[in-house]
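> Give me a 3D structure for the following:
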Amino acid sequence: MDKFPVPRPERESYVKHRRDVNRQIILPIILVTVIGAGCATLAGFAAAGKSGGVSLWADIAAIWIIIPMMLMLLVILALTVGIAYGLAQLLKVSPRYTGIAQEYVLWFNAEVSLWAERITKPVIHIKGWLDMFVKSEEKS
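Residues are numbered from 1 along each chain as shown. Model prediction:
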């Protein structure tokens, strides 16, 4: 194996890829880390100040728990509104097609019932005859 890496040519696509990685992956991670550390530092200073105490830490912890839940609830609300809007649009079109769909479902149900009866009726008939012979032999 070669221990020295092969130098990559400085193609335009490779340079663009490196720039995109730095801008779209590394930079946001660093920014979120710095913002999180800053918020944690502010929370520490607020709790360790003159009026710091257990209740203040509890309030700060409650806020940090509630904020992500509020954001997730906003996402759920947006999804619910989107689904409701989509269903309202679907209801404008569906009366024409629901009758046709219901006819097909009822036809399919009738066919399944018919074929289920056709398949099980001989089996039940044979089982009845066999049970009659088995029960008469047990009595003897």
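
> tell me what the helix-or-strand element of the chain with minimal mean pLDDT is packed against?
Taking mean pLDDT, DSSP states H and E as the measure, the helix or strand of the chain with the lowest value is helix 12-21, at a mean of 81. Other elements packing on helix 12-21 under the criterion 3 or more Cβ pairs under 8 Å, 6 or more residues apart in numbering; DSSP states H and E are absent; no helix or strand qualifies. Any C-beta I mention is one placed from the backbone N, CA and C, and that applies to glycine too.

> residues of the helix or strand following that helix that come out buried?
Beyond helix 12-21 in the direction of the C-terminus, DSSP states H and E gives the next helix or strand as helix 27-47. Taking 16 or more other Cβ atoms under 10 Å as the neighbour-count basis, helix 27-47 is seen to contain the buried residues 43, 47.

> low pLDDT regions in this protein?
Scanning the chain with the threshold set as pLDDT under 70 gives 1-9, 51-52, 135-140.

> biggest helix in it by residues?
Scanning the chain for the longest helix, with DSSP state H as the assignment, gives helix 54-139.

> could you dump the least confident helix or strand of the chain to CSV, C-alpha only?
The C-alpha atoms that make up helix 12-21 are tabulated as CSV, following Å, rounded to 0.1, in the frame of the first residue of the first chain:
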residue,chain,number,x,y,z
GLU,A,12,-13.5,23.1,-10.7
SER,A,13,-16.1,20.5,-9.5
TYR,A,14,-13.8,19.5,-6.6
VAL,A,15,-13.2,23.1,-5.6
LYS,A,16,-16.9,23.8,-5.7
HIS,A,17,-17.5,20.6,-3.6
ARG,A,18,-15.0,21.7,-0.9
ARG,A,19,-16.6,25.2,-0.8
ASP,A,20,-20.1,23.7,-0.5
VAL,A,21,-19.0,21.4,2.3
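
> how big is the angle separating the longest helix of the chain from helix 27-47?
For helix 54-139 against helix 27-47, the angle by axes from the mean of the first three to the mean of the last three Cα atoms, to 10 degrees is 120 degrees.

> Next, the angle helix 27-47 makes with the least confident helix or strand of the chain.
Angle between the axes of helix 12-21 and helix 27-47 is 10 degrees (criterion: the same axes, to 10 degrees).
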